[in-house]
Structures are given as C-alpha cells and as structure tokens.
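*Asks:* sequence below, structure please.
(one chain, ligands or ions: 2)
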Amino acid sequence: MRIIDAVLGLFKPSVVTTETKIKTIRLETVDSTNSFLRTYTPAADEPMTVAVAAYQTAGRGQGANTWESEAGKNLLFSVLVHPVMLPVRSRFLLSEAGALALKEALADYVKDDIRLKWPNDIYWKDRKLSGTLIETKLGGGHIKDCIFGVGLNVNQTVFHSDAPNPVSLCQILGHEVDKDELLDKIIRKFSDFYHLLEMGGYNDISAMYHEALYRRGGFHRFRDADGDFDGSIIEVEDDGHLILRDRNGSIRSYQFKEVEFIV
Ligand SMILES: Nc1ncnc2c1ncn2[C@@H]1O[C@H](COP(=O)(O)OP(=O)(O)OP(=O)(O)O)[C@@H](O)[C@H]1O
Ligand SMILES: O=C(O)CCCC[C@@H]1SC[C@@H]2NC(=O)N[C@@H]21
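*Replies:* Ligands and ions are numbered 1, 2, ... in the order given. The predicted model follows:
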C-alpha cells in the first residue's frame, strides 16, 4: 500500500472525496503551459485544470532559467488549483504535496533513488529528472490560484542545453515510457494529495516530504552568498524556508535561491 493511501485511510470515509472534476486541455505547441493557465478562466465547477503540451516555445524554469524539452518526448504540464483553504503562510505545503505526488507516481517505474530536492526538483541519484515552477495568485488574504508547472524528462536521451545534470526515465530504465499513462498516474496522485491538503493533513504531508528529501541526514556541501560550507538539513518550514545547521552549530535559514546544493 502506498503512503498516501494509508494516510487517506486514517480519515473518515465520508470526508474522502474520491473523484475530483479535472479538466484536461491538450495543446500541441504553446509558449508555456504555466503562462497558458495564467490567462485561462476555469468554469465555476472546475476545481482542477490541467494543461499539457507536446512542445513549449518558451518553457520557463525557476527565476531566469529556461526549460529544455525535445518536441513530443517529455511531459510538460501545469495544474491549476484554487487552494483558498490553505493559510498563505503555509503555502509551501502545496509544493510539498505536488512533489510527493510526482514521487509516488514515479515509484511505479523506478523503485529506488528518487528523492525530492528542496524546494521541489525531483532527483534520481544526483541527477535532475524533473523541475517545477509554482506560481500563486493571492486575493482577499487567500491563495486564489496556484499553478503547479512540471517538466519531467521522459523519453529524451540527449540534452543540448547547459543543464548541468539532466536525466530522463528512458535513460534510467533503458526503454521508452508511455507519457499519457504516466501523466494519468501523476494527476491521480496529485488529486489524492490535494484532498489530503483540503482535509488539513498538513503534518502528514510535511512528514512525508521530509522523509523523501534529497540529502536528508548528515553533512553535505552547500553554497550561499558567503561561500561554500558543510550543512545538515534540520527542516523545511511550512513557508518554504530551508533550515540548515553548519559545522559550528550555527543555524542558517534560507529562502529559494539563497542557497545552492553542491552536487
Ligand atoms: N530538461 C531539463 N532537465 C534538467 N535540468 C534542466 C532541464 N532544462 C533546463 N534545465 C536547467 O538546469 C539548470 C539547473 O537547474 P537547477 O534547478 O538546479 O537550477 P539552479 O538555478 O542552478 O539551482 P538551484 O538548485 O538553486 O535551483 C537550470 O538552469 C534548469 O533550468
Ligand atoms: O527550473 C526548474 O527547475 C523548473 C522548470 C519547470 C518547467 C515546467 S515545463 C511545464 C511548465 N511550463 C513552464 O513554462 N514551466 C513549467
């Protein structure tokens, strides 16, 4: 039994909604699936919208990064949800839930070595299998919209950008993978974890995320604005801060992009 099934089973069956109405929009070519959903207006009874593209002309990564993906080879998709129930200060839980959904779906393909690299990359060993770009829109003190955009390397076997350590499922497994089947599994897991979030399972999600963290336990090399240092991960706070302890015992707290893992 998967962890998410066990955790959902702890909640009363009456509050576990099994089916979410999910609209899927399939696009051949688009600038970016995240940008597409930013201007999309969902129907009133559409809690979750998925936009998936075969090719992006301007796929966006974290910050100024771009995302490399050969046409038709990989999964490029974004999920739009409206998590008004989640306190704004805890919004990183969405990121954790999405990363866990990816990890659980990938477990059907790769048995070991899939970890979640803070904040939300998926790593296989020391290589990057997937990157996520999350964009949220606040309104009236709530998270009105959250776009969870995923680039997952599936069947690409040669990478041409300056990406330092890409890897695809095909490279790991030695054979191609059916992208539609994989997307279906991911969206189902995403929906499960989203329900857990709706039910207030914050501690469970946080615990599962910490358990799955890349470089969890022990000292590892990091780099911040002051240089390289050895650090040990203490925790990731619900607002997304990464808390490290250095060899002197000092606690260091970082927002996205303020610290880098030396891989
Ligand atoms: N298909 C791909 N697979 C893996 N990495 C890719 C791919 N396409 C682009 N990259 C790029 O690889 C680079 C490294 O990714 P990473 O997220 O580690 O960024 P970073 O800004 O160097 O550091 P950080 O770890 O702090 O986020 C980024 O520029 C990322 O956009
Ligand atoms: O830099 C990263 O690691 C994040 C990469 C996110 C790429 C995905 S591809 C689908 C979605 N649309 C985009 O433009 N970006 C995300």
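
*Asks:* look up the closest residue to the residue of the stretch 151-263 of the chain found nearest ligand 2, ignoring the ones flanking it.
*Replies:* The minimum distance from the stretch 151-263 of the chain to ligand 2, using CB to the nearest ligand atom, falls at Gly151 (3.3 Å). Just so you know, the C-beta spots here come from the backbone N, C-alpha and C atoms, and that holds for glycine as well. For Gly151, ignoring the flanking residues on the chain, the nearest one in space by CB to CB, 6 or more residues apart in numbering is Trp67 at 4.6 Å.

*Asks:* helix, strand, or coil at the residue nearest the centre of the chain?
*Replies:* Residue closest to the average C-alpha location in the chain (CA atoms, centre = their mean): Ala99, at 3.4 Å. Ala99 falls in the helix class when you classify it by DSSP: H, G, I helix; E, B strand; the rest coil.

*Asks:* what about the residue of the stretch 151-263 of the chain closest to ligand 2, which SS state?
*Replies:* Under three-state DSSP, Gly151 comes out as strand.

*Asks:* give the bridge partners for it, please.
*Replies:* Leu76, Gly131 (DSSP bridges).

*Asks:* neighbours of it, how many?
*Replies:* 25 (other CB atoms under 10 Å).

*Asks:* how about the residues of this structure near ligand 1?
*Replies:* Contact residues, the chain versus ligand 1 (CB under 6 Å from any ligand atom): 61-62, 65, 67-69, 121, 128, 131, 151, 153, 161, 163-164, 166, 257, 260-261.

*Asks:* immediately after the helix or strand harbouring Lys103, which helix or strand?
*Replies:* Lys103 belongs to helix 92-106 when assigned by DSSP states H and E. The helix or strand immediately downstream of helix 92-106 is strand 114-117, counting by DSSP H and E.

*Asks:* so how far is that following strand from its chain's centroid?
*Replies:* In terms of CA atoms, centre = their mean, to the nearest Å, the centre of strand 114-117 is found 10 Å from the chain centre.

*Asks:* that strand packs against which elements?
*Replies:* helix 92-106, strand 121-124 (3 or more CB pairs under 8 Å, 6 or more residues apart in numbering; DSSP states H and E).

*Asks:* and the first one with ligand 2, contact?
*Replies:* The one in question is helix 92-106. No. Helix 92-106 does not reach ligand 2 (CB under 6 Å from any ligand atom); its nearest approach is 11.6 Å.

*Asks:* what is that helix packed up against?
*Replies:* helix 3-9, strand 114-117, strand 121-124, strand 127-139, strand 142-152, helix 179-198, helix 202-211.

*Asks:* just the C-alpha atoms of it, please, in PDB.
*Replies:* Provided in PDB are the C-alpha atoms of helix 92-106 (Å, rounded to 0.1, in the frame of the first residue of the first chain):
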ATOM      1  CA  PHE A  92       4.800  25.700   0.700                       C
ATOM      2  CA  LEU A  93       2.700  22.600   1.600                       C
ATOM      3  CA  LEU A  94       1.300  22.800  -1.900                       C
ATOM      4  CA  SER A  95       4.800  22.500  -3.300                       C
ATOM      5  CA  GLU A  96       5.400  19.500  -0.900                       C
ATOM      6  CA  ALA A  97       2.100  17.800  -1.900                       C
ATOM      7  CA  GLY A  98       2.900  18.200  -5.600                       C
ATOM      8  CA  ALA A  99       6.400  16.900  -5.300                       C
ATOM      9  CA  LEU A 100       5.100  13.900  -3.300                       C
ATOM     10  CA  ALA A 101       2.500  13.200  -6.000                       C
ATOM     11  CA  LEU A 102       5.300  13.000  -8.600                       C
ATOM     12  CA  LYS A 103       7.400  10.800  -6.400                       C
ATOM     13  CA  GLU A 104       4.600   8.300  -5.700                       C
ATOM     14  CA  ALA A 105       3.700   8.100  -9.400                       C
ATOM     15  CA  LEU A 106       7.300   7.600 -10.400                       C
END
